[in-house]
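Trainee: The following comprises the amino acid sequence and a computationally predicted model.
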Amino acid sequence: MTLLNSLSRRNLILLAGLGSAALFLGALFFQFVIGIEPCTMCFWQRWPHRIGIGLGLVGLAFPRAIVAWLGGLNMLVSTGLAMYHTGVERHWWLGPTTCTSRGVDLSAASDCGLLDPDCGAPIVLCDQIAWDLFGLSMANYNVIISLGLAVIWVMAARRKA
């Protein structure tokens, strides 16, 4: 925290924006390089980080407290989405029927999609953990990192310009 305390508002905004950029690029890496297809809720979680990147750019040009407060609020939304996804993955609560195993209707699927995994779009369920490290899924890491980024945004907002 000592290093963070010595940073200016502009530098904190830059750090938070770069954090969102790192998470967003990480998601793209897992999708396009590693080959892990995202579920619907994974796509939802990308939006706050896109917004965080944009707010970071705006904050670099205009390092105002309001930009930082918006960044903090945005990262709290990101944390909430990731917490919701975590609960769905861990089966603590039900998720949207459109992307969980309780909502998949295979009656409308073609024989091609059922028999050939290379045919058509893959079915990616939100209540299945596609990847984990040390027992934590990508949604779990998003909770932790988004909450940390929210703290950085709030520090930036409270910092004197």
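Mentor: In hand now; what should we look at? As the structure is a computational prediction, the values presented were derived from the model and not from experiment. Numbers count the residues shown, from 1 in each chain.

Trainee: Neighbours of residue 134, how many?
Mentor: A count of nearby residues for residue 134, using other CB atoms under 10 Å, gives 6. All C-beta spots, glycine's among them, are computed from the backbone N, C-alpha and C.

Trainee: what ranges of the protein fall below the confidence cut-off?
Mentor: 1, 102-122 (pLDDT under 70).

Trainee: Point me to the residue sitting closest to the centre of it.
Mentor: residue 45 (3.6 Å; CA atoms, centre = their mean).

Trainee: In contact with it, which residues are there?
Mentor: By CB atoms under 8 Å, 6 or more residues apart in numbering, the residues touching residue 45 are 27, 78, 81, 82, 85, 139, 142.

Trainee: Just list the residues touching the third one, thanks.
Mentor: Read it as residue 81. Residue 81 makes contacts with 41, 44, 45, 48, 142, as judged by CB under 8 Å, 6+ apart.

Trainee: 7 Å instead, please
Mentor: Contacts for residue 81 (CB atoms under 7 Å, 6 or more residues apart in numbering) come out as 44, 45, 48.

Trainee: Over to it. Which of the three states is it?
Mentor: Three-state assignment for residue 81 (DSSP: H, G, I helix; E, B strand; the rest coil): helix.

Trainee: Would you map the helices across the protein?
Mentor: 2-6, 9-29, 40-61, 65-89, 111-115, 138-158 (DSSP state H).

Trainee: will you turn these into CSV that also has distance to residue 96?
Mentor: Converted to CSV, the helices of the chain look like this (distance: least, CB to CB, whole Å):
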stretch, distance to residue 96
helix 2-6, 37
helix 9-29, 19
helix 40-61, 7
helix 65-89, 8
helix 111-115, 21
helix 138-158, 14
